[in-house]
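**Q** coords please:
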Amino acid sequence: MGFKLEKRNWGQSEIHGPRHKFREKLMLEMLYRYVEPGKIKKILEAGCGSATFSASFLEKNAGAIGTGFDSNPKPSAQIEDLMSSGRFTLKKESFRYFSNLYEKFDLVILGEVLEHIEDDKGALVKVGSLMEDDSILLISVPHQMSQWSIEDVWAGHKRRYEIGQLRKLLTDSGFDVVEASSWGYPVTYLYDKMIFQRLLKENSSRVQGGGVISQLASKLLFALMHFDKYYPANSKGLGIIAICKKSRS
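**A** Numbers count the residues shown, from 1 in each chain. From the prediction side, this is the model:
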């Protein structure tokens, strides 16, 4: 028997859960390996959803302010507090909003965004125009077209990336790649293949609504995913995280 896949429009909803939380933690850890947090004063998060990454960063960096945009933003309680204090601005805009931005940022975050954009190089070039020399771009994308699944179709992805392909794209777009590595194996990989994708096949509307697993199970899986950090980056990782600096003009 077949199943009906209710496709998710980008920005329609954000998928929270242990994988999302673990990815953002890995992104912050990579950022702090190369950058002193106090040096970053102004951040931009594109396609931010509930802006949980910005909230985590700003709460630990009292001198920083941020801007985020998403076609259907759903601010977390943390972000609402930061908005009330004037430290974060959240706009309801699509990725085309980049065309209306001219200010400069010390850090730009593209978390699971680039794979949704037809002209990914054009988007990166525009991102670069919003950055000073040596400003930081932190990015995550899904890994390998060989891992293409119903999840990609449902999420509206245009592509998945190879590490070498992403490095070249970033370099050709005006960035110096500091580090690019795969993440999400073996625990996160098994969660995705054995739980998330199975639930997606059974009831994609339930996944889109956020009711994937219980809070207790989510906390347990998040803890177990930390075992992935002891495995070297390899071809089975679900995603890629990269940190780059804008090339000097």
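
**Q** Tell me which stretches of this protein form helices.
**A** Per DSSP state H, the chain carries helices over the ranges 18-34, 52-59, 77-84, 120-129, 150-155, 163-172, 187-191, 197-202, 204-208, 215-225.

**Q** out of those helices, which comes closest to E179?
**A** Closest to E179 of the helices of the chain, according to C-beta to C-beta: helix 18-34, at 6.5 Å. For the C-beta atoms, the positions are set from N, CA and C on the backbone; glycine is no exception.

**Q** count of neighbours near the closest residue to K229 other than its chain neighbours?
**A** In space, and not counting its chain neighbours, K229 is closest to L26: 7.9 Å by C-beta to C-beta, 6 or more residues apart in numbering. L26 sits with 21 neighbouring residues when counted by other C-beta atoms under 10 Å.

**Q** Let me know whether L26 touches W183 as I believe.
**A** Yes: using C-beta atoms under 8 Å, L26 is in contact with W183, at 5.5 Å.

**Q** Between these two, which contacts overlap?
**A** Jointly contacting L26 and W183 under the rule C-beta atoms under 8 Å, 6 or more residues apart in numbering are I241.

**Q** Compare the helices of the chain and report which one is nearest to R96.
**A** Closest approach to R96 among the helices of the chain is made by helix 120-129 (9.9 Å; C-beta to C-beta).

**Q** Redo the helices of the chain as JSON lines? Include mean pLDDT and distance to I65.
**A** Formatted as JSON lines, those follow (pLDDT from 0 to 100; distance: least, C-beta to C-beta, whole Å):
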{"stretch": "helix 18-34", "mean pLDDT": "95", "distance to I65": "17"}
{"stretch": "helix 52-59", "mean pLDDT": "93", "distance to I65": "8"}
{"stretch": "helix 77-84", "mean pLDDT": "90", "distance to I65": "9"}
{"stretch": "helix 120-129", "mean pLDDT": "92", "distance to I65": "18"}
{"stretch": "helix 150-155", "mean pLDDT": "90", "distance to I65": "30"}
{"stretch": "helix 163-172", "mean pLDDT": "97", "distance to I65": "26"}
{"stretch": "helix 187-191", "mean pLDDT": "94", "distance to I65": "32"}
{"stretch": "helix 197-202", "mean pLDDT": "81", "distance to I65": "37"}
{"stretch": "helix 204-208", "mean pLDDT": "50", "distance to I65": "32"}
{"stretch": "helix 215-225", "mean pLDDT": "90", "distance to I65": "29"}
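
**Q** This completes my enquiry, with thanks.
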